[in-house]
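# missing the sequence, but the structure's below:
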């Protein structure tokens, strides 16, 4: 830490050493894993389910396809994909955090989804899969927690099959001034209190609000995807730009 | 929020469809044969294209315009006629219905829905009890019979009115002859006016 040449990155509004971010993010998710789904419903008033359905629609997934749900957490997207790819397809739920992966695995098993799902603990920056392995890759509310986003996008590009698509669902920049003010008030005043009340952890939700502000906006992320090699990159603003879905293809 | 309304409707419809399918004990076997197939349906009046994906357990709904096994595009007026298989060829020829892909898939989905017989009484009896469910069933049957009878009476009345109107309506040749006579009369009147004018001068 005392090395002045050590590379730094942001963890929320704090500046930390790159090597430390992974463990700091891991601590956040170890802390919230058990209450993650409840908090998602409370924080977004249930709208996150519609954002995820929109993502599935944009994926145009077909039976028999192979899907990677990266930073898949508690497996909401994996559940939707698993039903759609059927027994001839496969969904890989990958997350860097073992606690999130365990919660996701238990939830999906409780739903009877066992046939076509694999669980992999993996770092998005160095995916442990062969080149050209997946028809679809999704990363929902995960990219902003990755230390080196460019490396993660390059890794996703590598494991995506030619003709395949990447879908990035992530918090973004609201499109109206009024919405931005209301959203900021909600994020910094109400969200940590809700986190304290429901999950007993205000700090993690303070980090969530800060990390959203530090994440690249719509146009910047589009540019980053193009630089990683993705073609025909486009995005949809959802709920006034609070969330954006970016889509890019590998040709 | 309105942007996500289609996804909300789709999600609700998917859940409702799963409930209906679960009420038919014979549906599971038929669904097994359909599993892995995708059918898309779009009404020309709307921009959304509904995609049905059959799995071994249920039918899933999505909205997109990408590749599926069979895609049907029809307008609202042709929708009712689409239920009659004899009309299909005529509808395709007149471009009222466009089918892209394997038509067998459309037939398989269609026959699945036609054979679907949800035993809703069994489900309702869990909440209402056998007696009340039986009464409700009878009321619904009577209501259905009444609506069917009224519909038939309305159709019959429309048919009779159309036939009566047809008898009163002059034939095309009669209209042409009448028009010719009016033209002749108009020409004679003009000549007469012309003569009158010249006498006055």
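Perfect, thanks for sending it. Note that the structure is predicted; figures quoted are calculated from it, not measured.
# Enumerate every residue touching residue A:154.
A:228-229 (Cβ atoms under 8 Å, 6 or more residues apart in numbering or on different chains). For the C-beta atoms, the positions are set from N, CA and C on the backbone; glycine is no exception.
# Centre of the chain to the helix or strand that it is a member of, how far?
Following DSSP states H and E, one finds residue A:154 within helix A:149-159. Distance of helix A:149-159 from its chain centroid, counting by Cα atoms, centre = their mean, to the nearest Å, is 14 Å.
# tell me the mean pLDDT for it?
For helix A:149-159, mean pLDDT rounds to 95.
# What strands flank the helix or strand containing residue A:94, and is each parallel or antiparallel?
Residue A:94 is part of strand A:90-95 when elements are defined by DSSP H and E. Sheet pairing of strand A:90-95 (DSSP bridges) gives strand A:66-70 (parallel), strand A:117-121 (parallel).
# Just the helices from chain B, written as ranges.
For chain B, applying DSSP state H gives helices covering B:5-22, B:27-34, B:76-81, B:88-93, B:103-115, B:120-128, B:130-168, B:172-200.
# The fifth one and chain A in contact?
No. Among the residues of helix B:103-115, none lie within reach of chain A under Cβ under 8 Å from any Cβ of the partner chain; the closest is 12.2 Å away.
# picking that back up, now the strands paired with strand A:90-95 in JSON lines, with mean neighbour count?
What follows is the strands paired with strand A:90-95, written out as JSON lines (neighbours: other Cβ atoms under 10 Å in any protein chain shown):
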{"stretch": "strand A:66-70", "mean neighbour count": "27"}
{"stretch": "strand A:117-121", "mean neighbour count": "16"}
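# need those in CSV with distance to residue B:199 and mean pLDDT, can you?
Conversion of those to CSV gives the following (distance: least, Cβ to Cβ, whole Å; pLDDT from 0 to 100):
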stretch, distance to residue B:199, mean pLDDT
strand A:66-70, 98, 96
strand A:117-121, 105, 95
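# Could you check the ones you listed and tell me which one is nearest residue B:60?
Closest to residue B:60 of the strands paired with strand A:90-95 is strand A:66-70 (Cβ to Cβ; 14.4 Å).
# Following the closest one in sequence, what is the next regular element?
Heading C-terminal from strand A:66-70 (DSSP H and E), you reach helix A:76-85.
# name the element residue A:247 belongs to?
Element membership for residue A:247 (DSSP H and E) is strand A:243-249.
# hang on, the earlier thing: got CSV for the helices of chain B, with distance to residue B:63, mean neighbour count and mean pLDDT too?
Below are those laid out as CSV (distance: least, Cβ to Cβ, whole Å; neighbours: other Cβ atoms under 10 Å in any protein chain shown; pLDDT from 0 to 100):
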stretch, distance to residue B:63, mean neighbour count, mean pLDDT
helix B:5-22, 5, 15, 92
helix B:27-34, 20, 15, 89
helix B:76-81, 18, 12, 76
helix B:88-93, 24, 14, 78
helix B:103-115, 17, 15, 87
helix B:120-128, 28, 14, 85
helix B:130-168, 32, 10, 91
helix B:172-200, 49, 10, 93
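# Output those helices as CSV; include the columns distance to residue B:69.
Shown next, in CSV, are the helices of chain B (distance: least, Cβ to Cβ, whole Å):
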stretch, distance to residue B:69
helix B:5-22, 19
helix B:27-34, 11
helix B:76-81, 21
helix B:88-93, 18
helix B:103-115, 5
helix B:120-128, 30
helix B:130-168, 34
helix B:172-200, 49
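# Tell me which of those helices sits nearest to residue A:138.
Of all those, it is helix B:5-22 that lies closest to residue A:138, at 15.6 Å by Cβ to Cβ.
# gap between residue B:95 and chain A?
As judged by Cβ to the nearest Cβ, to the nearest Å, residue B:95 and chain A stand 26 Å apart.
# Need the pLDDT of that residue.
Looking at residue B:95, the pLDDT reads 80.
# Near chain B, which residues of chain A? Just list them.
So chain A meets chain B at A:47, A:49-51, A:53-54, A:56-58, A:60, A:62-64, A:83-84, A:86-88, A:238-239 (Cβ under 8 Å from any Cβ).
# Can you name the residues of chain B that neighbour chain A?
Near chain A, when you scan chain B using Cβ under 8 Å from any Cβ, you find B:1, B:3-4, B:7-8, B:10-11, B:35-38, B:53, B:55-58, B:60, B:62-64, B:66-68.
# cutoff 10 Å now
Contact residues, chain B versus chain A (Cβ under 10 Å from any Cβ of the partner chain): B:1, B:3-8, B:10-11, B:14, B:35-38, B:48, B:51, B:53-58, B:60-69.
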